[in-house]
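Chemist: Take a look and give me a structure for this.
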Amino acid sequence: MSEQVAAVSPEIERAAQEAVSLTSELIRIDSTNTGDPETLVGERSAAEFVATKLTEAGYAIEYVESGGRDRHNVITRLEGSDRSRPGLLIHGHLDVVPAEPSEWSVHPFSGAIQDGYVWGRGAVDMKDMDGMMLALALHYKRHNIVPPRDIVFAFLADEEAGGQYGASWLVEHRPELFEGVSEAISEVGGFSVTFGDGVRAYLIETAEKGIRWLKLRAHGAPGHGSMVHKDNAVAKLAAAVTRLGNHEFPIVLTDSLREFLDGVSELTGMEFPEDDLEGSIGKLGNLARMVGATIRDTANVTMFNGGYKSNVIPSTATASVDCRILPGREAAFEAELDALLGPDVEREWLALPPVETSFDGAIVDAMKASIVAEDPGARTLPYLLSAGTDAKSFQRLGIRNFGFSPLQLPPDLDFSALFHGIDERVPVEALKFGTRVLDRFIRAS
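Modeler: Prediction:
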């Protein structure tokens, strides 16, 4: 293992600086996705920005409108030197979740560069990766750099609402855009964590929980609020979601989690006994929030609606539940859900499957080498993401997916709290680091 950082060309340093400015510019474009066609802003302006940059650099692009108002995707392919090899997909989403400006230290769509950070909604989820992708795509065209294999760059819509106008739509309607691709990288992985003794490890996502966004509905007899009433839809649904909210799904030690914990034990000497897995994970500090959400399935009630007047008992009540399911647990989760909710609660859902791959092969070796070249002595560990990404759609094409959006982070930064959080921001130096790492990775993969 090298003891010093490998040399970096002035050209790639300029690309790294451009990644910072592009990230800031992308953040300034409001592309809020509320999940509601009536209130979302859409990705059109961000997609047009990306399309213009790529076209001016000489790329032939596919600018795909995916059926919704202002829902746009941009895809381009950079041909590699060996067209017989399977291609690599590098994808990022252009949409962001809503932000309330009054809650922020800076305006969430300012893209401010201050105090060593780029600030704003999407800074880590995931306009930072978009900026790095775009900077490198432009760099390769400007300098006539040909990668070893085809690289497909995809800037996508609607990830924050399941990809129905983005990755999922493209996989169903335009799969030829990804022809020949065998592997993909995107969010959320490649970021560093620093353990107490100063050892830095980079977490690469090899698995993610499945998603089931549930809409629950209970029916009852409507009536006057002053009367004795035994068939109350609101009470019926409230009882069901209370049972669900109080339920603890069983702890399951998946292969990805076991490999991660074994790696942490090797690096730090910490132990994670199975009879106290939850308690021992709690010792991981800020990382415990992210890792702790991957030891069991979760089902969190996020919205509850019933009634329209204080003295009227409604005939219907509804609730929304965000369910996240471990790989291999789908059938068991369904059975537990049936038992908890009972026969009187109707349910419909949008379901997205879990994703899981192994932490091996030439692509993983290239990830490790690209990080170590920039951070000698660093370690890499696989991990299971509690959230979901567009990988869920691309796996339908037989593509092997990884979360690899590299960032070297300050030890005291609570990274997981920034996702969908207030004062979302990404360190400037982390963006530059990530651009250099991705360049090394693309050239080596």
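
Chemist: Which secondary structure elements does the helix ranked longest in the chain sit against?
Modeler: As assigned by DSSP state H, the longest helix anywhere in the chain is helix 10-28. If you count contacts as 3 or more Cβ pairs under 8 Å, 6 or more residues apart in numbering; DSSP states H and E, helix 10-28 packs onto helix 44-57, strand 117-119, helix 127-142, helix 428-444. No exception for glycine: its C-beta is placed from N, CA and C like everyone else's.

Chemist: residues touching the spatially most central residue of the chain, list them.
Modeler: Central residue of the chain (Cα atoms, centre = their mean): residue 389, 4.3 Å from the mean position. The contact partners of residue 389, taken as Cβ atoms under 8 Å, 6 or more residues apart in numbering, are 159, 186, 187, 188, 205, 208, 355, 401, 403.

Chemist: same thing with residue 348?
Modeler: 214, 215, 217.

Chemist: Looking at the contacts of residue 389, which one is closest to residue 345?
Modeler: Comparing the contacts of residue 389 against residue 345 with Cβ to Cβ places residue 208 closest, at 27.6 Å.

Chemist: doesn't residue 353 make contact with the closest one?
Modeler: No: counting by Cβ atoms under 8 Å, residue 208 does not reach residue 353; the two are 9.6 Å apart.

Chemist: Need the residues touching each of the two.
Modeler: Joint contacts of residue 208 and residue 353 (Cβ under 8 Å, 6+ apart) are residue 392.

Chemist: Counting neighbours around each, name which of the two comes out higher.
Modeler: Just comparing residue 208 and residue 353: by other Cβ atoms under 10 Å the higher neighbour count belongs to residue 208, 29 against 19.

Chemist: what's the neighbour count on the nearest residue to that one once chain neighbours are set aside?
Modeler: Closest residue to residue 208 apart from its sequence neighbours, by Cβ to Cβ, 6 or more residues apart in numbering: residue 385 at 4.0 Å. Residue 385 has 23 neighbours, counted by other Cβ under 10 Å.

Chemist: where's residue 385 relative to residue 295, distance?
Modeler: Distance, residue 385 to residue 295, using Cβ to Cβ, to the nearest Å: 13 Å.

Chemist: still on that earlier bit, residue 422 is nearest to which of the helices and strands packed on helix 10-28?
Modeler: Of the helices and strands packed on helix 10-28, nearest to residue 422 by Cβ to Cβ is strand 117-119, at 10.9 Å.

Chemist: quick one: strands adjacent to the closest one?
Modeler: Strand 117-119 has the following strand partners under DSSP bridges: strand 113-114 (antiparallel), strand 425-427 (antiparallel).

Chemist: about what we covered before: show me which of the contacts of residue 389 is closest to residue 23.
Modeler: Using Cβ to Cβ, these come closest to residue 23 at residue 187, 13.7 Å.

Chemist: what's the neighbour count on the closest residue in space to that closest one that isn't next to it in sequence?
Modeler: Excluding the flanking residues, the one nearest residue 187 by Cβ to Cβ, 6+ apart is residue 126, at 4.6 Å. Neighbour count for residue 126, taken as other Cβ under 10 Å: 29.

Chemist: Let me know whether residue 126 touches residue 93 as I believe.
Modeler: Yes: counting by Cβ under 8 Å, residue 126 touches residue 93, with 6.0 Å between them.

Chemist: Now the common contact residues for these two.
Modeler: With contacts taken as Cβ under 8 Å, 6+ apart, residue 126 and residue 93 have residue 187 as neighbours in common.

Chemist: Below-threshold pLDDT in the protein: ranges please.
Modeler: Within the chain, the stretches with pLDDT under 70 are 1-5.

Chemist: Break down it into its helices, ranges please.
Modeler: 10-28, 44-57, 127-142, 167-173, 233-246, 255-268, 277-281, 287-292, 330-341, 362-374, 391-394, 428-444.

Chemist: Tell me which residues are up against the longest one.
Modeler: This points to helix 10-28. Applying Cβ under 8 Å, 6+ apart, the contact partners of helix 10-28 are 46, 49, 53, 94, 109-113, 118-123, 127-128, 130-132, 134-136, 138-139, 143, 426, 428, 431-436, 439.

Chemist: In it, which residues are buried?
Modeler: For helix 10-28, the neighbour count (16 or more other Cβ atoms under 10 Å) marks 12, 15-16, 18-20, 22-28 as buried.

Chemist: Distance to residue 304 added to the residues you listed, as JSON lines?
Modeler: Output for the buried residues of helix 10-28, formatted as JSON lines (distance: Cβ to Cβ, whole Å):
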{"residue": "12", "distance to residue 304": "51"}
{"residue": "15", "distance to residue 304": "48"}
{"residue": "16", "distance to residue 304": "47"}
{"residue": "18", "distance to residue 304": "46"}
{"residue": "19", "distance to residue 304": "42"}
{"residue": "20", "distance to residue 304": "42"}
{"residue": "22", "distance to residue 304": "41"}
{"residue": "23", "distance to residue 304": "37"}
{"residue": "24", "distance to residue 304": "39"}
{"residue": "25", "distance to residue 304": "39"}
{"residue": "26", "distance to residue 304": "35"}
{"residue": "27", "distance to residue 304": "33"}
{"residue": "28", "distance to residue 304": "36"}
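
Chemist: Near the closest residue to residue 73 other than its chain neighbours, how many other residues are there?
Modeler: Leaving aside its sequence neighbours, residue 73 sits nearest to residue 64 (Cβ to Cβ, 6+ apart; 4.5 Å). Using other Cβ under 10 Å, residue 64 is surrounded by 22 other residues.

Chemist: Distance check, residue 64 against residue 55.
Modeler: On the measure of Cβ to Cβ, residue 64 and residue 55 end up 14 Å apart.

Chemist: now swap in residue 189 and tell me
Modeler: From residue 189 to residue 55 the distance is 30 Å (Cβ to Cβ).

Chemist: go on, residue 319?
Modeler: Distance, residue 319 to residue 55, by Cβ to Cβ: 46 Å.

Chemist: Which one's more surrounded, those two?
Modeler: Under the criterion of other Cβ under 10 Å, the comparison of residue 319 against residue 55 puts residue 319 first, with 22 against 14.
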